[in-house]
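In: Take a look and give me a structure for this.
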Amino acid sequence: MQVYLAIDLGAGSGRLVAGKYDGSKLELEEVHRFSNDGVELNGACHWNTLQLFSSIQEGIRKAVDLFGDAIVSIAADSWGCDHAMLDRNGNMLGGHRQYRDPRTEGMQAELEKRMPLREVYAKTGVQAAFYNSSLHLLAERMRGNPGLDIADRLLFTPDLLAYWLSGEQANERTITSTSQLYNPSEEDWAWDVIDALELPRQMFGRIVPSGTVLGPVHPSVVERTGVHSGMQVVASAGHDTACAVAGLPMTQSGLWLSSGTWSIIGVESECPVTSAEAFEAGLSNEGGVEGTTRLLHNVAGMWMAQESIRHWKEQGEDTRFEVLDRLADEAEAFSAFIDPNAPEFASPGDMPERIREYCRKTGQEVPEDKGTILRVINESLALKYRQVAESLQQVTGKQFDCLNAGGGGTKNLMLMQSAADALGVPVVAGPVEATSCGNIMMQMVATGALPNVAAGRQLVADSMDTKTFTPQPSDEWAHAYLRFCQLTSKT
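Out: Residues are numbered from 1 along each chain as shown. Here you go, the predicted structure:
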């Protein structure tokens with residue numbers, strides 16, 4: 001048996017997952033789970049990255065106890081954009097700020113002064129958004145942060161962890177592509193954008209493709225964890241969505257959905273699409289595995305439901321999933337809709353009241369109970385998926401006959417069925433652990449256990465459970481989509 005370790009970081013927690021390969025099937029086992037709690041310091045939001053690395057090493061120790069010398073390699077994936085700057089000795093400068101840190105307020109307008117957003121898009125393929133690395137670094141430049149000028153290297157979250165594990169500094173392509181500082185057409189840093197932001201060129205280092213073996217684990221990690229010195233550290237696919245898409249058992253022509261806190265919906269493309277039409281449609285180009293491009297749109301996925309449940313729990317209400325699912329099933333269909341990407345839903349808070357206020361403001365029936373609020377969220381997400389899918393069809397000229405969905409959101413059966421009904425195509429849901437599957441699969445390709453991604457996707461198909469939701473289109477769904485489009489065109 002061969003064992004591959006995936007470090008899968010989310011905005012609230014992290015896990016170390018073991019992929020056990022017996023030569024024909026892949027089995028996943030969660031070895032260690034740990035919290036990922038941010039730290040607020042002087043009004044700034046940081047990640048506690050040193051604690052994260054300590055938790056990762058604890059997970060490696062547990063994996064060594066379970067699997068010993070069968071461990072082949074390890075790789076990390078995380079959300080996009082967040083980064084740390086290092087000095088020439090490899091020490092972190094200024095902490096590791098969170099993408100929701102408020103320092104980017106007003107930075108999109110400042111970026112536009114320096115370079116038109118359409119030109120930035122033509123060079124990077126990425127839409128301007130508050131979480132872009134470009135805007136966070138611009139904010140530091142505007143504040144006169146001296147760390148920028150002494151920084152020797154910029155590493156994104158999985159790159160930083162790989163450096164601490166191996167001693168090798170590199171920027172993996174998929175995570176780099178989320179920054180709005182990468183030129184996918186030239187497969188290099190977007191130097192024109194970097195210069196426009198007055199960022200020092202010396203901190204932008206080598207970019208490596210997904211599935212690159214960085215080298216053996218660092219001796220200090222061997223000493224602290226007991227892992228054998230031959231374990232390889234791999235730059236798998238650093239961006240969690242790139243891992244999730246790689247881990248879906250689909251063909252390259254399929255429409256895909258990574259469903260979690262964010263819903264990210266898109267297609268795989270051989271090359272970036274930076275046309276005016278793609279720009280106006282709000283589509284972004286991010287790196288995929290094997291040199292592909294993920295043409296996609298970000299939608300605020302399970303975030304609104306998660307925040308609503310958190311609020312109800314604080315109020316002492318019953319938030320058991322089976323109870324909430326039943327209430328949503330019993331609620332009236334199509335009573336109201338929201339735009340999941342409306343700015344009022346972006347930050348933490350009393351999400352049920354924000355949804356009610358949105359419905360009041362837009363002249364709709366106001367959802368009062370938990371079931372109706374959850375149904376409004378699910379149906380609105382499904383209709384948003386259709387809206388994005390139609391944009392993707394128009395820009396690419398492709399017709400989609402299936403949606404492949406992975407991630408924790410696939411456990412939301414109402415959402416998956418609603419997506420099938422809204423889109424009018426089958427939804428193949430699973431694996432839930434698509435991100436870990438993709439991370440491990442790319443390690444297997446990198447270390448020679450698999451020849452390519454196609455073989456990896458077949459392995460996932462042979463090893464993991466999926467569920468197909470057959471569409472049940474109706475006049476009610478068609479009418480609901482018209483109402484939704486009218487609503488979102490006004491707000």
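In: Quick check: which ranges of the stretch 51-200 of the chain have low pLDDT?
Out: Filtered on pLDDT under 70, the stretch 51-200 of the chain yields no residues whatsoever.
In: And the strands in it, which stretches?
Out: 71-77, 83-86, 92-93, 153-156, 171-172, 182-183, 188-189 (DSSP state E, counting those that start in this stretch).
In: among those, which is nearest residue 277?
Out: strand 182-183 (20.0 Å; CB to CB). The C-beta positions use only the backbone N, C-alpha and C, and glycine is treated the same way.
In: partners of the closest one, with directions?
Out: Applying DSSP bridges, strand 182-183 is found paired with strand 188-189 (antiparallel).
In: Residues in contact with the strand it pairs with: which ones?
Out: 181-183, 204, 207 (CB atoms under 8 Å, 6 or more residues apart in numbering).
In: Scan these and report the most crowded one.
Out: Among the contacts of strand 188-189, the one with the most neighbours (other CB atoms under 10 Å) is residue 182, at 30 neighbours.
In: Next up, the contacts around the closest residue to residue 190 other than its chain neighbours.
Out: Closest residue in space to residue 190, ignoring its immediate chain neighbours: residue 183 at 4.2 Å, by CB to CB, 6 or more residues apart in numbering. Counting by CB under 8 Å, 6+ apart, residue 183 touches 123-124, 189-191.
In: Equivalent analysis for residue 125, please.
Out: Here residue 125 is in contact with 177, 184-185, 272-274, 284-286, 293 (CB under 8 Å, 6+ apart).
In: what's the answer for residue 225, then?
Out: Counting by CB under 8 Å, 6+ apart, residue 225 makes contact with 57, 60-61, 64.
In: swap in residue 212?
Out: Counted by CB under 8 Å, 6+ apart, residue 212 has contacts 170, 172, 234-235, 446.
In: Got the domain ranges for this protein?
Out: With domains defined by automatic domain parsing, the chain comprises 2-238, 248-430+451-491.
In: Quick check: end-to-end length of stretch 464-478?
Out: Terminal residues of stretch 464-478 are spaced 34 Å apart (CA to CA, to the nearest Å).
In: who's in contact with that stretch?
Out: Residues outside stretch 464-478 that contact it (CB under 8 Å, 6+ apart): 26, 249, 333-334, 410, 416-417, 419-431, 433, 437.
In: 7 Å instead, please
Out: Identification of contacts with stretch 464-478 by CB atoms under 7 Å, 6 or more residues apart in numbering yields 249, 333-334, 416-417, 420-431, 437.
In: Equivalent analysis for stretch 451-461, please.
Out: The contact list for stretch 451-461 (CB under 7 Å, 6+ apart) reads 26, 246-247, 249-250, 289-290, 431, 437, 441, 444-445, 450.
In: Just the CA trace of that stretch, in PDB.
Out: Provided in PDB are the C-alpha atoms of stretch 451-461 (Å, rounded to 0.1, in the frame of the first residue of the first chain):
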ATOM      1  CA  PRO A 451       0.400   8.700 -15.800                       C
ATOM      2  CA  ASN A 452      -1.900  11.700 -16.000                       C
ATOM      3  CA  VAL A 453      -5.000  13.400 -14.800                       C
ATOM      4  CA  ALA A 454      -7.300  11.400 -17.000                       C
ATOM      5  CA  ALA A 455      -6.100   8.200 -15.200                       C
ATOM      6  CA  GLY A 456      -6.600   9.900 -11.900                       C
ATOM      7  CA  ARG A 457     -10.100  10.900 -12.700                       C
ATOM      8  CA  GLN A 458     -10.900   7.300 -13.600                       C
ATOM      9  CA  LEU A 459      -9.400   6.200 -10.300                       C
ATOM     10  CA  VAL A 460     -11.700   8.600  -8.500                       C
ATOM     11  CA  ALA A 461     -14.700   7.300 -10.500                       C
END
